[in-house]
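Student: Give the three-dimensional model of this entry:
(chains A and B)
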Amino acid sequence: AQSVAQPEDQVNVAEGNPLTVKCTYSVSGNPYLFWYVQYPNRGLQFLLKYITGDNLVKGSYGFEAEFNKSQTSFHLKKPSALVSDSALYFCAVILWGGGYNKLIFGAGTRLAVHP
Amino acid sequence: KAGVTQTPRYLIKTRGQQVTLSCSPISGHRSVSWYQQTPGQGLQFLFEYFSETQRNKGNFPGRFSGRQFSNSRSEMNVSTLELGDSALYLCASSRGTQETQYFGPGTRLLVL
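Tutor: All right, here's what the predicted structure looks like:
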């Protein structure tokens, strides 16, 4: 079965320090991978995606993600965390075929950035 | 360009009632997908519509249904509401297959 795992329920980091939110995937074929962020009482906001090409993908608000095919991982990173980055982060893979597409999400990781 | 809009934002219903939620996609987007978010089950795919046709359906009972209109706006309906239907219902739109899905703010449904 195709799935996405986010092994950490919560990540704590001090403001100004680098942050990493982990994601691993299990899919057949080439994965299309996404990161979304959710602030309280809001919908999901698209951060970045990997389709093909460079393994390091740059996205919104200074976030980037590194695709590693051998480790089947797609970790989200930011060199210097801000308190305003505190939110719920979701990794997702898109399943497509037969003319449809749907996102399969990980369980989410809550990021807490402390001043 | 305006984002995905969903109405209403909040809804309170009682068991046994039915509810209709509305989603207006980003202009030019023809695919609309619906997701349910709950603390226990996380984000789960409900269904996807493209050009007024349901292309895929998640593992939800038949009480959950939807439709899409010729202007790509979509509605989802839940009949005979149960307590467990309390959730945040998210709509997402995209240009088409394999494209990035952009989400609306969601409709928070509370079933009493």
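Student: For chain A, which segments count as strands?
Tutor: For chain A, strands defined by DSSP state E occupy the ranges A:3-5, A:10-14, A:19-21, A:24-26, A:33-38, A:44-50, A:56-58, A:64-68, A:73-78, A:87-97, A:100-105, A:109-114.
Student: Quick one: name the residues of chain A near chain B.
Tutor: A:32, A:34, A:36, A:41-46, A:49, A:51, A:90, A:94, A:96, A:98-108 (C-beta under 8 Å from any C-beta of the partner chain). The C-beta positions use only the backbone N, C-alpha and C, and glycine is treated the same way.
Student: ok, of the residues you listed, which come out buried?
Tutor: Those of the residues of chain A next to chain B that meet the buried threshold are A:32, A:34, A:36, A:43-46, A:49, A:90, A:94, A:100-106, A:108, by 16 or more other C-beta atoms under 10 Å in any protein chain shown.
Student: Which residues are in contact with B:S22?
Tutor: B:S22 sits next to B:6-7, B:73-75 when contact means C-beta atoms under 8 Å, 6 or more residues apart in numbering or on different chains.
Student: counting contacts, what elements does the worst-scoring helix or strand of chain A on mean pLDDT pack onto?
Tutor: Lowest on mean pLDDT, DSSP states H and E among the helices and strands of chain A sits strand A:100-105, with a mean of 83. Helices and strands touching strand A:100-105, by 3 or more C-beta pairs under 8 Å, 6 or more residues apart in numbering or on different chains; DSSP states H and E, are strand A:3-5, strand A:87-97, strand B:31-38, strand B:42-50, strand B:53-57.
Student: Contacts for the longest one next, please.
Tutor: I take that to be strand A:87-97. For strand A:87-97, the surrounding residues in contact (C-beta under 8 Å, 6+ apart) are A:2, A:4, A:6, A:21, A:23, A:25, A:27, A:31-40, A:44, A:47, A:74, A:76, A:101-106, A:108-111, B:43, B:97-98, B:101.
Student: now do the third one
Tutor: With C-beta under 8 Å, 6+ apart as the contact definition, strand B:31-38 has outside contacts at A:101-103, B:23, B:25, B:43-50, B:60, B:66, B:68, B:72-74, B:76, B:86-97, B:99, B:101, B:106.
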